Structure formats: structure tokens, C-alpha cells
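Chemist: Below: sequence and its predicted model.
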Amino acid sequence: MTTALSAPDSSTRLQAALAAGSRPDPARLEPLIERCAVEPDFFVRDMLTWALTRLPPELTVPRLIQELFAVRAQARSQALHTLSKVGDRNTWPAITTALLRDADDEVARTAWRTAVALVPDEEREGLAVELATQLGRGDRTVRLSLSRALVDLGDVLSSALGPGLVSADPDVRAHAHATLVLLRDPSAGFDEALHEARRHADW
């Protein structure tokens, strides 16, 4: 299994991950975790995550939390993604501010999605405030991910957007306004929301 997971051909690796998930075996936990950190193919990574969710959570969750401190960004990102699929809300404390502000955009984006999926109701407002500190960050893809995460938090978002709406930074201000448009009209497209924000704001 370990050899197949590192085969040159992605279809072989995909089949190995499928086999691991179809016949769950705790002995395969470590090879699956290790492969997640380096696997270049999206579909294989997704199958690796599925295979991990088929193992007992009491084994996978502690090991995934360890990966959140890994040096390799992909290890952190994939561990976050897998935790969101496991869906154990008791893992919420592991989604730290450091991960939400991770210097690697992909890790941060995954942390935002995972945090929204796992956050307890009483922590939603605090999470919205924390995520709002990232307004204006990155390219369009990063900003869209952040807006979607914020909108998914619902009504608690309105007050969290306050500082961004009056920010001296035009990128932050535009992003905050666009997110507010999406909150009020979830069917609005992000680019349209951004255009609307710029049209109605004094830039």
C-alpha cells in the first residue's frame, strides 16, 4: 500500500487510496497522513481524505491535529480539510488564530472553511471578527473564499464588518462592502458585488 501510494502514476495512487478507504485498517493511518502532505494530484488528495475519514476518529483526529503544526504548508492544509470532513466539533479549539492568519494562502483559505464548519454557535461572532481582520488579503480567489466564509456565519457578520467598511485601505473597504452585498443577497456574484460596492462607495 505504501509503495502504491507513492507510485509515479496518479491513477495507481488513486486506486491505492480507494483501496485503503474501502478496507479501513488503522495500520494505514500513517502512510495516508504522510502522503497527504506531499500528494500533488487534487483527486488523489481527496481520496486520501476520504480514506482517512473511514478510520476511527479517535485515531485520526489526534494525528491530524499534530499535522496542523507541520512545516510543510500542504500538510497543514490537508489536515484542516480532513478535519472538516470528519466533522468533530470538539476539534474546534485546534483551529487557532495562527492558522486563520497563516502566511500561506491555501492554508488560510482551508482554515477559514474548516472554522466555519466546526465553530460552536457561541463562538460565531468572535470568529467573524477574526476573519474580518483578513479583508483585503490576497487575490480574487482568496478574497472570494474569505467572503464566502464570512457570509456563511450569517447575521453575526454585520457588526464584524464595521471596521472594514470604514478602513483607510481601499482594498479592505471594497472587500468589506462586497461581502456585505453578498450577505444581503447570497445570489449575487462576487465580481458583481465588488462592482456594486465600488459604485456606491466613495473611493
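Modeler: Okay, I see it. Numbering: from 1, shown residues only.

Chemist: Domains in the protein, by residue range?
Modeler: Recorded structural domains for the chain (assignment: automatic domain parsing) are 1-118, 125-203.

Chemist: Let me have the ones you listed in a markdown table, adding mean pLDDT and mean neighbour count as columns.
Modeler: For glycine as for every other residue, the C-beta is placed from the backbone atoms N, C-alpha and C. Output for the domains of the chain, formatted as a markdown table (pLDDT from 0 to 100; neighbours: other CB atoms under 10 Å):
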| stretch | mean pLDDT | mean neighbour count |
| --- | --- | --- |
| domain 1-118 | 96 | 18 |
| domain 125-203 | 87 | 17 |
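
Chemist: Now the element after the host helix or strand of Gly126, going C-ward?
Modeler: In the assignment (DSSP states H and E), Gly126 maps to helix 124-132. Next along the chain after helix 124-132, taking DSSP H and E as the criterion, comes helix 140-152.

Chemist: what's the angle between that following helix and helix 124-132?
Modeler: Here helix 140-152 runs at an angle of 160 degrees relative to helix 124-132 (axes from the mean of the first three to the mean of the last three CA atoms, to 10 degrees).

Chemist: wait, what's in contact with Arg76?
Modeler: 67-70, 99, 102, 104, 107, 110 (CB atoms under 8 Å, 6 or more residues apart in numbering).

Chemist: What segments of this structure are helices?
Modeler: Ranges of helices in the chain, per DSSP state H, are 2-5, 10-22, 29-36, 42-53, 57-67, 73-86, 97-100, 105-118, 124-132, 140-152, 157-160, 162-165, 170-184, 190-200.

Chemist: angle of the second one against helix 29-36?
Modeler: Orientation of helix 10-22 against helix 29-36 (the same axes, to 10 degrees) gives an angle of 150 degrees.

Chemist: tell me which strands and helices helix 10-22 is in contact with?
Modeler: helix 2-5, helix 29-36, helix 42-53 (3 or more CB pairs under 8 Å, 6 or more residues apart in numbering; DSSP states H and E).
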